[in-house]
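Enquirer: what follows is a predicted structure for the sequence shown.
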Amino acid sequence: MRHTFHLKTLAVAIATLSVASVASAAGLDRSGQDITAFLQDGTYAEAVYTYIDADVTGHDNAYIGSDNKAYTQGKKIDDIAESYDFFRYGVKADINETFSVGVLYDEPFGAAADYSGDNNFVDQNPASPRNGEGTNVEVRTESITGIIGAKFGENKNFQVYGGPVAQRVKADVKLRGTAYSAANGYTLHTSADQDYGYIAGIAYSKPEIALKAALTYRSEIEHNAKSSEIYPVVGTGTIPDPIESALGLSTDRNDSIEITTPKSVNFDFQTGINPTTLATAKVRWVPWSDFAIVPSLYNDVSKVSTRDDKGLALVSYDEDQWQVELGLAKRVAPALAISGTVGWDSGAGNPVSSLGPIEGYYSAGLGAKYNVTENWAVSAGGKYLWFGDAEGQIPTQKIVSDFESNDGFVLGVKVSYQAQ
């Protein structure tokens with residue numbers, strides 16, 4: 001007897017969370033830029049809510065010796081990772097047997113870190129107007145992707161798809177404390193900027209064994225945002241006045257800043273093992289080594305300290321991100337499926353920016369999907385993450401902190417509608 005797969009009840013419940021990332025687990029990656037809503041059969045719509053809570057603690061470094069290379073454990077740093085949540089939406093419809101259209105919304109990149117307490121990342125100078133303020137960073141992005149797909153082949157097993165992406169980004173950074181040396185008190189604010197890129201991909205499906213495979217490319221998106229910077233040290237005389245005058249530096253500057261969010265490649269795969277069991281795999285690559293945030297005033301001041309014409313970036317990464325997740329889903333009742341996943345994220349190098357001191361993670365997740373009616377379903381799940389130990393460094397590559405034995409969790413819920 002030939003069995004067929006009922007994808008509406010066998011669909012992977014953990015897809016709600018499957019590529020949800022964590023603050024700076026690799027660069028600024030957050031949502032994983034999932035497009036599986038567009039790959040569903042028939043008419044499909046989903047709304048997904050994801051909540052991330054990480055515990056990232058460590059200690060600052062007290063340097064010994066005159067070379068600033070040898071250091072010992074300093075003061076404790078309490079949890080710097082602020083809880084973070086975001087939404088994802090997707091709608092997809094078939095125009096006919098060949099063409100499909102879809103619209104996706106997600107929040108692909110971001111960061112949320114806040115230092116507090118008695119450590120080198122909090123301004124402890126009673127005479128400072130910033131006394132008691134801690135280092136803080138918040139980066140938010142939003143993306144809307146329009147997709148049109150065309151199926152081809154004898155049985156319409158192949159599909160090519162692509163379309164435009166509109167993305168908005170904004171950022172706020174405050175550097176506080178002696179860890180940042182002369183940059184203590186530096187503040188950056190960028191206004192929200194919207195710019196455009198594109199998505200392109202190819203997919204293959206074989207419904208009789210529930211096989212789906214898709215390779216998706218997203219372009220980088222270059223933003224040119226209005227920015228304002230404050231760099232108190234410029235007006236203190238720490239930098240020699242002749243150099244200060246020659247460079248035309250002042251304590252604050254309103255300018256523009258280029259922030260190019262990275263390109264990425266996602267591979268999504270699933271196949272049936274038997275009529276009630278589905279295996280899944282996801283692979284993601286992001287070249288964070290190409291990414292940098294280079295505010296003009298910060299960069300100009302750093303040229304004085306580095307004595308070159310290149311200066312320093314405020315944020316940059318040494319390595320590219322690889323993310324892999326494997327899963328199994330099992331239909332345990334006509335309307336109920338459960339699933340489990342294991343995952344690995346490479347991170348973006350170590351040492352890493354002190355604004356996100358995590359070197360990747362390992363993860364394990366569980367989820368469930370319940371079909372409330374023939375068309376409506378609710379999915380929920382959770383994922384636990386073990387973060388890699390990391391050393392935090394400032395742009396001069398001086399190591400200013402250590403973070404070890406940290407973890408976090410992700411929770412999510414999805415409501416979906418599907419009609420064949």
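Expert: Nice, thanks for sending it over.
Enquirer: identify the bridge partners of Ser100.
Expert: Asp94, Gly149 (DSSP bridges).
Enquirer: give the contact list for it.
Expert: Listed by CB atoms under 8 Å, 6 or more residues apart in numbering, the contact partners of Ser100 are 38, 92-94, 147-151, 159, 161. From N, CA and C alone the C-beta is placed, and that goes for glycine too.
Enquirer: per-residue confidence at it?
Expert: Per-residue pLDDT puts Ser100 at 97.
Enquirer: what does the one 3 residues further on give?
Expert: We have a pLDDT of 98 for Val103.
Enquirer: give the contact list for it.
Expert: With contact set as CB under 8 Å, 6+ apart, Val103 has these partners: 90-91, 144-147.
Enquirer: turn those into a markdown table, including secondary structure and pLDDT.
Expert: Listed next are the contacts of Val103 as a markdown table, based on DSSP: H, G, I helix; E, B strand; the rest coil; pLDDT from 0 to 100:
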| residue | secondary structure | pLDDT |
| --- | --- | --- |
| Gly90 | strand | 95 |
| Val91 | strand | 97 |
| Ile144 | strand | 98 |
| Thr145 | strand | 98 |
| Gly146 | strand | 98 |
| Ile147 | strand | 98 |
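Enquirer: out of the residues you listed, the closest to Pro295 would be?
Expert: Within the contacts of Val103, the smallest distance to Pro295 is 27.0 Å, found for Ile144 (CB to CB).
Enquirer: now the closest one. Nearest residue, chain neighbours left out?
Expert: Ala166 (4.9 Å; CB to CB, 6 or more residues apart in numbering).
Enquirer: just Gly132 next, same as before
Expert: Asp123 (6.6 Å).
Enquirer: could you pull out the helices in the protein for me?
Expert: 7-10, 241-247, 296-306 (DSSP state H).
Enquirer: ok so, going back, hmm, the residue nearest to Ile144 is touching Ile199, no?
Expert: No: with contact defined as CB atoms under 8 Å, Ala166 does not reach Ile199; the gap is 11.3 Å.
Enquirer: got any residues that touch both of these two?
Expert: Common neighbours of Ala166 and Ile199 (CB under 8 Å, 6+ apart) are Thr145.
Enquirer: looking at those two, which is more packed in?
Expert: A direct count of neighbours by other CB atoms under 10 Å for Ala166 and Ile199 places Ile199 higher, at 23 against 15.
Enquirer: OK, contacts around the residue nearest to the more buried one when sequence neighbours are not counted?
Expert: Setting aside the residues directly before and after it, Ile199 is nearest to Arg218 in space (CB to CB, 6+ apart), at 5.2 Å. For Arg218, the contact set (CB under 8 Å, 6+ apart) comprises 33, 165, 197-199, 263-266.
Enquirer: quick one on the thing from earlier: which of the contacts of Val103 count as buried?
Expert: 90-91, 145, 147 (16 or more other CB atoms under 10 Å).
Enquirer: wait, which of the residues you listed is closest to Gly343?
Expert: Relative to Gly343, and with distances defined as CB to CB, the nearest of these is Gly90, at 21.4 Å.
Enquirer: next up, the contacts around that closest one.
Expert: Per CB under 8 Å, 6+ apart, neighbours of Gly90: 37-38, 44-46, 102-105.
Enquirer: at 6 Å what do you get?
Expert: Going by CB atoms under 6 Å, 6 or more residues apart in numbering, Gly90 touches 37, 46, 104.
Enquirer: same deal with Gly185?
Expert: Contacts of Gly185 were listed using CB under 6 Å, 6+ apart, and they are 130, 232.
Enquirer: for the strand ranked longest in the chain, packing partners?
Expert: Across the chain, the longest stretch assigned as strand under DSSP state E is strand 187-206. Applying 3 or more CB pairs under 6 Å, 6 or more residues apart in numbering; DSSP states H and E, one finds that strand 187-206 contacts strand 158-174, strand 211-218, strand 221-230.
Enquirer: returning to that earlier point: burial count for the residue nearest to Gly132?
Expert: Neighbours of Asp123 using other CB under 10 Å come to 21.
Enquirer: likewise Glu133?
Expert: What Glu133 shows, counting by other CB under 10 Å, is a neighbour count of 18.
Enquirer: thinking it is in contact with Gly177, fair?
Expert: No: applying CB atoms under 6 Å, one finds Glu133 not in contact with Gly177, separated by 8.8 Å.
Enquirer: quick check: neighbours shared by these two?
Expert: What both Glu133 and Gly177 touch, as defined by CB under 6 Å, 6+ apart, is the set Asp123.
Enquirer: let me know the pLDDT of the closest residue to Ser346 other than its chain neighbours.
Expert: Excluding the flanking residues, the one nearest Ser346 by CB to CB, 6+ apart is Trp322, at 4.3 Å. For Trp322, the pLDDT comes out at 94.
Enquirer: what stretches of the stretch 101-250 of the chain score poorly on pLDDT?
Expert: The stretch 101-250 of the chain contains residues with pLDDT under 70 at 235-248.
Enquirer: show me the beta-bridge partners of the residue nearest to Ile199.
Expert: Using DSSP bridges, the beta-bridge partners of Arg218 come out as Ile199, Ser264.
Enquirer: same check, this time on the one 4 residues further on
Expert: The residues listed as beta-bridge partners of Glu222 by DSSP bridges are Thr260.
Enquirer: now swap in Leu366 and tell me
Expert: Gly340, Gly382.
Enquirer: likewise the one 10 residues further on?
Expert: According to DSSP bridges, Tyr417 are recorded as the beta-bridge partners of Trp376.
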